[in-house]
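**Q** Fold the stuff below for me.
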Amino acid sequence: MTHYELNAKDKLIVWLIHFLLQIFAMTWRYRCKSDENIVRASSASTSGAYGLALWHENILASLAVMRGSRMAPLASLSKDGAIVTAVMEKMHFRTIRGSSSKGGSNARDELVAMAAEGYLPTLTVDGPRGPRRIAKTGIIDVARRTGVAIVPFSAVANRSWVLRKSWDHFQIPKPFATIHVVYGAPISVSPEVRGIAFGKVRGQIQAGLVKAQADAEALAAQ
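**A** I've put the predicted structure just below:
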């Protein structure tokens, strides 16, 4: 599958999304929980890198939270992926295009190279098309090859618009919302992980994300 090229209408959409994100982000507040998990994950790698695993629905809030970081997100080769990539590049993230699993060896190679430079491989592990909140395994291969720990990550606003008709129930934090951020316990991945062990790690990521999401939602509901 080749890269989708943005047309004039797409570029206008990118500009509008980025503009609104900047305006909204100026009004958002952030509350972080379990920052020590980031310290633990970073210290486990010689480059200081770690992998971030999140649900697709939390992309927007996560981008705002991670502004100024060395995040290296993976975006699909689709039209939506091209638009998201253009927005993220305006935010100075090092975006990788491709699939995390099906035929995505080139994308995973790029993520491995980025991790060696201290960037944070970041994957929406139920994307790009679902099923919602079911983790896929692409990030495990990246972690196995790099030695970075995987951190389940959730960012949930106390007030947001939810796109119920989208497969992921995509969330858009409302102006002046508070975004609650939860970093789960780091998950180490041995270079020898194969077969049943691979599935076990996937289960750990699934459980870690379910807990991080539940914790963030509980904080946002207070």
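**Q** after the longest strand along the chain comes which helix or strand?
**A** If you go by DSSP state E, the chain has its longest strand at strand 150-157. Sequence order places strand 160-163 as the next helix or strand after strand 150-157, per DSSP states H and E.
**Q** Identify each buried residue in that following strand, please.
**A** Neighbour-count burial for strand 160-163 flags residue 160 (criterion: 16 or more other C-beta atoms under 10 Å). Where you see a C-beta, it was placed from the backbone N, CA and C, and this is true even at glycine.
**Q** Now do the helices in this protein.
**A** Counting by DSSP state H, the chain has helices at residues 8-25, 36-43, 59-65, 79-90, 105-116, 138-146, 195-221.
**Q** which of those sits most buried?
**A** Mean neighbour count (mean count of other C-beta atoms under 10 Å) peaks for helix 138-146 among the helices of the chain, with a mean of 23.
**Q** got the angle for that one vs helix 105-116?
**A** Angle between the axes of helix 138-146 and helix 105-116 is 50 degrees (criterion: axes from the mean of the first three to the mean of the last three C-alpha atoms, to 10 degrees).
**Q** just use 761 as the starting number from now, easier for me
**A** All set: I'll call the first residue 761, so the last point we hit is now helix 898-906.
**Q** which ones are touching the residue nearest to residue 866 when sequence neighbours are not counted?
**A** Once flanking residues are discounted, residue 866 sits nearest to residue 858: 5.8 Å by C-beta to C-beta, 6 or more residues apart in numbering. Residues in contact with residue 858 (C-beta atoms under 8 Å, 6 or more residues apart in numbering) are 834, 836, 837, 864, 866, 867, 868, 870.
**Q** cutoff 7 Å now
**A** Residue 858 sits next to 834, 837, 864, 866, 867 when contact means C-beta atoms under 7 Å, 6 or more residues apart in numbering.
**Q** Any idea which of the helices of the chain gets closest to residue 933?
**A** Of all the helices of the chain, helix 819-825 sits nearest to residue 933, with 5.4 Å by C-beta to C-beta.
**Q** helices and strands around the closest one, which ones?
**A** Secondary-structure packing of helix 819-825 (3 or more C-beta pairs under 7 Å, 6 or more residues apart in numbering; DSSP states H and E): strand 910-917, strand 930-933, strand 938-943.
**Q** Can you tell me the strand partners of the last one and which way each runs?
**A** Read that as strand 938-943. Strands that pair with strand 938-943, judged by DSSP bridges, come out as strand 789-793 (parallel), strand 910-917 (antiparallel).
**Q** Looking at those, which one is packed in the most?
**A** Highest mean neighbour count of the strands paired with strand 938-943: strand 910-917, a mean of 27 (counted as mean count of other C-beta under 10 Å).
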